[in-house]
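# Just a sequence and a predicted model for now, questions to come.
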Amino acid sequence: MACISIVLQKVFWPGGINYIEMNPSLAVYLGMKRAGINFATSVPCVNLQELLASINEDEQIVHIPVTREEEGVGLCAGAWMGGRRPALLMQNSGLGNSINALASLDILYGIPLLMIISHRGGKGEPIVGQVPMGQLTAPLLDAMAIPHFSPRLADAEETVAGAWSRAYAGRRPVAVLLDLVFWRAK
Amino acid sequence: MKRIDAIFLAGQAAQAQDALLVSNIGFPSRELFSVKDRPENFYMLGSMGLASSIGLGLALAGPERKVIVLDGDGSVLMNLGTLATIAHHAPENYLLVILDNCCYGSTGSQPTCTHLGTDLFALAKAAGIKNVKKVDSADDLPQVLQGQGVVIVKVEAGNAAVPIISLSPEEIIERFMRSARLAALS
């Protein structure tokens, strides 16, 4: 935890970013900062733990851990209407818990949302229970016409920032899917 | 007390306090639209269960303005985790009003578990919410609507004969966000 905050402090020094070794959690965090995200809700995934710790320590981001992902969709919608830039961080299992809210709240009213999704159930997945939703994640998003992106480490910061721009411009949810290969990158 | 009478009192209280008012899916929103329409009302047309979450996001986004949520027993039972989130994260400007008619009023008055004895007051307390009140009569309602936390209001089953809301989702959110932002700027 301490080590993360030291890294982030260095990042915010002028020019300091050149000295930092990029890692998956930092790249996503920097993308969120570039997008100006200042409200986040989350249900944890083991792959999100460092990112969640960074968001927790960031005083510019109101972070509310929720009990279920759908609840986070509701909180983020309210925060948007109140003038915030919202993000929902979750595992792809939580996408299944959020389908109706994404459709009949965000898509119905035209509410933007950045979804940062740990995409389990793909190549290298050790937990068999993750596989069905892993395979259904992209088709579900496609069926809802929710744009989704699966960046690699080198382009993650830009992809996350761009995903929010697309959500904002189109007034709809946009998903960034981060699979096991992404999290293992150094 | 009839639900529409409780809704009218809540609409009046919201106006008097210049509060934002989020109202639940189905007949409650229709009744509010009929008796006390204001641009500061957000009529939730889908996403059953999320009224309390949307209101919480709003209250957190703009702590200087009061947010009142009109919810129902069936909807809160669908999103019980919201009580735990409210207990630990709701700011002082948040009031959740649960209109408990012991049934799913908009779908044919099928009984909910509060009809069988599930106690929403006790559940809210047990979730850790400090300020929980219970109201049975219209005379006591205006006073508690001044406060914050959670109020359980016992109302009769049955819907008023009111038309469908004549606003589109786009109109609802556009005028709501405009009035929410006006306050933020003033």
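Received it, and whenever you're ready, just let me know what you need.

# Please give me every residue in contact with the most centrally placed residue in chain B.
By C-alpha atoms, centre = their mean, the mean C-alpha position of chain B lies nearest to residue B:70, the distance being 1.0 Å. By C-beta atoms under 8 Å, 6 or more residues apart in numbering or on different chains, the contact list for residue B:70 reads B:7, B:10, B:21, B:22, B:23, B:24, B:28, B:32, B:51, B:97, B:99. The way it works is simple: take the backbone N, C-alpha and C, and place the C-beta from them, glycine included.

# in what helix or strand does the residue lying closest to residue A:101 once chain neighbours are set aside lie?
Nearest residue to residue A:101 in three dimensions, chain neighbours excluded: residue A:73, at 4.0 Å (C-beta to C-beta, 6 or more residues apart in numbering or on different chains). Residue A:73 is part of helix A:69-81, with elements assigned from DSSP states H and E.

# what's residue B:13 in contact with, if anything?
Contact partners of residue B:13, counting by C-beta under 8 Å, 6+ apart, are B:19, B:68, B:142, B:145, B:146.

# go on, residue A:95?
A:69, A:115, A:117, A:133, A:137, A:140, A:141, A:175.

# How about residue B:111?
Per C-beta under 8 Å, 6+ apart, neighbours of residue B:111: B:102, B:103, B:104.

# can you put the contacts of residue B:70 in a markdown table and add secondary structure and distance to chain A?
Formatted as a markdown table, the contacts of residue B:70 follow (DSSP: H, G, I helix; E, B strand; the rest coil; distance: C-beta to the nearest C-beta, whole Å):
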| residue | secondary structure | distance to chain A |
| --- | --- | --- |
| B:7 | helix | 20 |
| B:10 | helix | 18 |
| B:21 | strand | 12 |
| B:22 | strand | 7 |
| B:23 | strand | 13 |
| B:24 | coil | 12 |
| B:28 | helix | 16 |
| B:32 | helix | 17 |
| B:51 | helix | 8 |
| B:97 | strand | 16 |
| B:99 | strand | 18 |
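
# Make sure residue A:41 is actually in contact with residue A:72.
Yes. Counting by C-beta atoms under 8 Å, residue A:41 does reach residue A:72; the two are 3.5 Å apart.

# joint contacts of those two?
Common neighbours of residue A:41 and residue A:72 (C-beta under 8 Å, 6+ apart) are A:64, A:66, A:88.

# Can you report how many residues lie near the closest residue to the second one other than its chain neighbours?
Nearest residue to residue A:66, sequence neighbours excluded (C-beta to C-beta, 6+ apart): residue A:72, at 4.4 Å. The number of residues packed around residue A:72, counting by other C-beta atoms under 10 Å in any protein chain shown, is 32.

# rewinding a little: kindly indicate the member of the contacts of residue A:95 with the most neighbours.
Counting neighbours by other C-beta under 10 Å, residue A:115 comes out on top of the contacts of residue A:95 with 29 neighbours.

# State the helix or strand in which the residue positioned nearest the centre of chain A lies.
Nearest to the geometric centre of chain A sits residue A:116, at 1.5 Å (C-alpha atoms, centre = their mean). Per DSSP H and E: residue A:116 is located in strand A:113-119.

# after that strand comes which helix or strand?
By DSSP H and E, the next helix or strand past strand A:113-119 is helix A:131-143.

# same question for that following helix, mean pLDDT?
Helix A:131-143 shows an average pLDDT of 98 in the prediction.

# Give me the distance between that helix and the centre of its chain.
Its chain's average C-alpha position is 17 Å from that of helix A:131-143, according to C-alpha atoms, centre = their mean, to the nearest Å.

# Could you tell me which other helices and strands it packs against?
helix A:92-96, strand A:113-119, strand A:148-149, strand A:173-179 (3 or more C-beta pairs under 8 Å, 6 or more residues apart in numbering or on different chains; DSSP states H and E).

# can you put those in JSON lines and add mean pLDDT?
As requested, those are exported to JSON lines (pLDDT from 0 to 100):
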{"stretch": "helix A:92-96", "mean pLDDT": "98"}
{"stretch": "strand A:113-119", "mean pLDDT": "98"}
{"stretch": "strand A:148-149", "mean pLDDT": "98"}
{"stretch": "strand A:173-179", "mean pLDDT": "98"}
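
# With distance to residue B:63 added, can I get these in CSV?
Shown next, in CSV, are the helices and strands packed on helix A:131-143 (distance: least, C-beta to C-beta, whole Å):
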stretch, distance to residue B:63
helix A:92-96, 27
strand A:113-119, 22
strand A:148-149, 33
strand A:173-179, 26
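
# So for residue B:123, which of the ones you listed sits nearest?
If you check each of the helices and strands packed on helix A:131-143 against residue B:123 by C-beta to C-beta, helix A:92-96 wins as the nearest, at 23.7 Å.

# what's the following helix or strand after that closest one?
Heading C-terminal from helix A:92-96 (DSSP H and E), you reach helix A:99-101.

# Mind giving me the packing neighbours of that next one?
Packing partners of helix A:99-101 (3+ C-beta pairs under 8 Å, 6+ apart): helix A:69-81.

# Return the residues in contact with residue B:27.
Going by C-beta under 8 Å, 6+ apart, residue B:27 touches B:3, B:105, B:106, B:159, B:160, B:162.

# rerun that using 10 Å as the cut-off
B:3-4, B:7, B:34, B:72, B:101, B:105-107, B:158-160, B:162 (C-beta atoms under 10 Å, 6 or more residues apart in numbering or on different chains).

# Equivalent analysis for residue A:146, please.
A:95, A:102-103, A:106-107, A:113, A:115, A:140, A:167, A:170, A:172-175.
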